[in-house]
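Asker: With the sequence up front, the predicted model follows.
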Amino acid sequence: MSPAYTDNLTPEQRKRTMTRVHSNDTQPEMHVRRLVHGMGYRYRLHRKDLPGNPDLVFSRRRKIIFVHGCFWHGHDCKAGRKQPKANAAYWSAKLARNRERDAANQALLRAQGWDVLIVWECERT
């Protein structure tokens, strides 16, 4: 989708588009899950009792993996630096809140004795 296309969406079209954005079982997450499972490791998915609902949780090892989308979590790569032109103030604030929330969740997990690894979407290739 080009930026010119997304700027011309009606509110209903934009809503329909945004509802198709998922946080679980994304392609990058599935790639990491297949890789880790193929290495013989077993894990729990999206534990809601832990801060941030980590993507992969290795309970006995006290290890956690988050698979972050570069745009949504503000990675320092081409996709992460991209800023939407439409409704820029909203998106800037939203992405800043996402980064703050991620940092707070990671700090809580580390305080609880978990080792946290972040795998970025762009690292998949």
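Answerer: Yep, it's here.
Asker: which stretches of this structure have low pLDDT?
Answerer: Residues of the chain that meet the criterion pLDDT under 70 lie in 1-7, 22, 124-125.
Asker: how about the strands in it?
Answerer: 44-45, 56-58, 63-68, 115-120 (DSSP state E).
Asker: just these: most buried one?
Answerer: Ranked by mean neighbour count, the strands of the chain are led by strand 63-68 with a mean of 22 (mean count of other C-beta atoms under 10 Å). In short, each C-beta sits where N, CA and C put it, glycine included.
Asker: angle of that one against strand 115-120?
Answerer: Counting by axes from the mean of the first three to the mean of the last three C-alpha atoms, to 10 degrees, strand 63-68 points 20 degrees away from the direction of strand 115-120.
Asker: Give the partner strands of strand 63-68 in its sheet and their orientations.
Answerer: Strand 63-68 has its sheet partners listed here by DSSP bridges as strand 56-58 (antiparallel), strand 115-120 (parallel).
Asker: sorry, back to before: tell me which of the strands of the chain lies nearest to His31.
Answerer: Across the strands of the chain, His31 has its closest neighbour in strand 63-68 (8.2 Å, C-beta to C-beta).
Asker: Put the alpha carbons of that closest one into PDB.
Answerer: Extracted as PDB, the C-alpha positions of strand 63-68 are listed here (Å, rounded to 0.1, in the frame of the first residue of the first chain):
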ATOM      1  CA  LYS A  63      13.900 -16.700  29.200                       C
ATOM      2  CA  ILE A  64      11.500 -14.600  27.100                       C
ATOM      3  CA  ILE A  65      11.400 -13.700  23.400                       C
ATOM      4  CA  PHE A  66       9.500 -10.800  22.000                       C
ATOM      5  CA  VAL A  67       9.100 -10.600  18.200                       C
ATOM      6  CA  HIS A  68       8.600  -6.900  17.400                       C
END
